[in-house]
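**Student:** for reference, the sequence and a predicted model appear below.
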Amino acid sequence: MKANDLIDAIFANAGKLPIVNGEVKCLEYDAKAKLQEVTIVNVPNDSIVLKLEHIAMNGLVRKAGIEKEWGFNQHSDFVIVTPDKCVFIEMKSNPKLDNIKKETIIKFISDVCLMNYSDNIFTNLCQKNPFFMNRDLHFVLFHAAPPIAKVPVSFTPPGLSSPKPNSIPSAFRPFSLENKSKINFNDLV
């Protein structure tokens, strides 16, 4: 069984997004969303792009109908998997970062748990090498720009001197974007 077959089996509910001429369109289908489309350019052609938003592990971690407050069935909207990176992307329409920070961190932590679970299936049941955790992880938030906004060229959280400021869920890199913006893949990592 090849890695792509394993990905398809484990993430059966995740949609695969096409990469067209090095571009991926991240779409939000909620008609009320202020941020409905962001195009990522210069995405490596050998990447896999999954829409994670609606995947769930109902019945495994919790019973259906129980509130999902602490995040075990909440995931970011997208993940871009390259041969050496996983970039998790959450899209939010709220322009106020403080209002969405906690929820975003919980979703990213849940993504890491899902990747660990998947890698355990690869190694323990399929006798394959870990797929996700052999890659550098990056966490990114696209949020709607306030009416007058200056998009930061780079982002380094206060007090963090790591060369990879977005390599853990709590240090995600936010981008304040207008609808139908384009952003370079290299800015996400």
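**Tutor:** Yep, it's here.

**Student:** so which elements touch the longest helix that the chain contains?
**Tutor:** Using DSSP state H, we find that the single longest helix of the chain is helix 97-120. Secondary-structure packing of helix 97-120 (3 or more C-beta pairs under 8 Å, 6 or more residues apart in numbering; DSSP states H and E): strand 85-92, strand 136-144. Glycine gets a C-beta too; all of them are placed from N, C-alpha and C.

**Student:** repeat that for 10 Å
**Tutor:** helix 3-10, strand 78-81, strand 85-92, strand 136-144, strand 173-177 (3 or more C-beta pairs under 10 Å, 6 or more residues apart in numbering; DSSP states H and E).

**Student:** ranking these by mean pLDDT, which is last?
**Tutor:** Ranked by mean pLDDT, those bottom out at helix 3-10, with a mean of 60.

**Student:** got the CA positions of stretch 176-189 in CSV?
**Tutor:** Once non-C-alpha atoms are left out, stretch 176-189 reads as follows in CSV (Å, rounded to 0.1, in the frame of the first residue of the first chain):
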residue,chain,number,x,y,z
SER,A,176,-4.9,39.6,7.9
LEU,A,177,-6.3,39.3,4.4
GLU,A,178,-9.0,40.7,2.3
ASN,A,179,-11.3,38.3,0.4
LYS,A,180,-9.8,37.0,-2.9
SER,A,181,-6.2,37.7,-1.7
LYS,A,182,-3.2,35.8,-3.0
ILE,A,183,-0.4,34.7,-0.7
ASN,A,184,2.9,33.0,-1.4
PHE,A,185,3.3,29.5,0.0
ASN,A,186,6.9,30.4,1.2
ASP,A,187,5.4,33.1,3.4
LEU,A,188,3.5,30.4,5.3
VAL,A,189,6.5,28.4,6.4
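
**Student:** buried residues, that stretch. List them.
**Tutor:** 176-177, 181, 183, 185, 187-189 (16 or more other C-beta atoms under 10 Å).

**Student:** and I89, bridged to which residues?
**Tutor:** F78, V140 (DSSP bridges).

**Student:** can you report how many residues lie near it?
**Tutor:** Per other C-beta atoms under 10 Å, the neighbour tally for I89 reads 26.

**Student:** relative to V38, how far out is it?
**Tutor:** According to C-beta to C-beta, to the nearest Å, I89 and V38 sit 8 Å apart.

**Student:** shared neighbours of those two, anything?
**Tutor:** 24, 26, 78, 142, 175, 183 (C-beta atoms under 10 Å, 6 or more residues apart in numbering).

**Student:** number of nearby residues for the third one?
**Tutor:** Put plainly, it is F78. When neighbours are counted by other C-beta under 10 Å, F78 comes out with 25.

**Student:** all numbers from here: first residue = 677
**Tutor:** Sure, I'll start counting at 677 from here, so that last one is F754.

**Student:** quick check: what element follows the helix or strand bottoming out on mean pLDDT in the chain along the chain?
**Tutor:** Here the helix or strand of the chain ranked lowest by mean pLDDT, DSSP states H and E is helix 679-686, holding a mean of 60. Next along the chain after helix 679-686, taking DSSP states H and E as the criterion, comes strand 691-693.
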